[in-house]
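Student: Okay, here's the prediction I keep looking at, along with the sequence it came from:
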Amino acid sequence: MDIKNLQKKVISFRDKRDWKQFHNPKDVSLSMVLEAGEVMEHFQWKNPEEMEKHIKEHKAEIGEELADVFYWVLLMSYDLKIDLAQALIKKITTNEKKYPVRKAKGKHTKYTKIK
């Protein structure tokens, strides 16, 4: 299923419940961050071995939290009339310039600090 069809499902879900009245950019973005925090909770205070085990045992729950984040991303991009696929392609192109492979490969350094 492509992004436009996913957005249609999200909007249909929202509109059937008359929730658009509550969905302004501030509150939608807050919901997105709150759901991202729920993703992060799965990994908080875990060492690499504990995370690996947790992922195997809780993959479905992590997927649900990621889906919640994606829900808000789809909804916000729809409401703001942002072509999400186009925005992503543009961002990747921008990042390719900021992080050329020859300078950034294998490094986690911010683009302003890579040489």
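Tutor: Great, that's in hand. Numbering: from 1, shown residues only.

Student: Helix or strand next in line after the helix or strand harbouring F13, which one?
Tutor: Using DSSP states H and E, F13 maps to helix 3-16. Towards the C-terminus, the helix or strand next in line after helix 3-16, according to DSSP H and E, is helix 25-41.

Student: the domain parsing of this protein - what is it?
Tutor: Segmentation of the chain into domains, based on automatic domain parsing, reads 3-82, 83-115.

Student: rank the ones you listed by mean pLDDT and give me the bottom one.
Tutor: Among these, domain 83-115 carries the lowest mean pLDDT, a mean of 93.

Student: In that domain, which residues are buried?
Tutor: Neighbour-count burial for domain 83-115, with 16 or more other C-beta atoms under 10 Å as criterion, is recorded at 84, 104. In short, each C-beta sits where N, CA and C put it, glycine included.

Student: Run the chain-centre distance for it.
Tutor: With C-alpha atoms, centre = their mean, to the nearest Å as the basis, domain 83-115 stands 17 Å off its chain's centre.

Student: now stretch 40-52
Tutor: Offset of stretch 40-52 from its chain centre (C-alpha atoms, centre = their mean): 19 Å.

Student: for stretch 25-43, same thing?
Tutor: The chain centroid and the centroid of stretch 25-43 are separated by 9 Å, computed with C-alpha atoms, centre = their mean.

Student: try stretch 62-78
Tutor: Stretch 62-78 has its C-alpha centroid displaced from the chain centroid by 7 Å (C-alpha atoms, centre = their mean).

Student: Export only the CA atoms of that stretch, formatted as PDB.
Tutor: Extracted in PDB, the C-alpha atoms of stretch 62-78 (Å, rounded to 0.1, in the frame of the first residue of the first chain):
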ATOM      1  CA  ILE A  62       7.400  -2.100  19.200                       C
ATOM      2  CA  GLY A  63       5.700  -2.300  15.800                       C
ATOM      3  CA  GLU A  64       2.500  -0.900  17.300                       C
ATOM      4  CA  GLU A  65       4.400   2.000  18.800                       C
ATOM      5  CA  LEU A  66       6.100   2.700  15.500                       C
ATOM      6  CA  ALA A  67       2.800   2.500  13.700                       C
ATOM      7  CA  ASP A  68       1.400   5.100  16.200                       C
ATOM      8  CA  VAL A  69       4.200   7.500  15.200                       C
ATOM      9  CA  PHE A  70       3.600   6.800  11.500                       C
ATOM     10  CA  TYR A  71      -0.100   7.400  12.000                       C
ATOM     11  CA  TRP A  72       0.600  11.000  13.200                       C
ATOM     12  CA  VAL A  73       3.200  11.600  10.500                       C
ATOM     13  CA  LEU A  74       0.700  10.500   7.800                       C
ATOM     14  CA  LEU A  75      -2.000  12.600   9.400                       C
ATOM     15  CA  MET A  76       0.100  15.800   9.800                       C
ATOM     16  CA  SER A  77       1.600  15.600   6.300                       C
ATOM     17  CA  TYR A  78      -2.000  15.200   4.900                       C
END
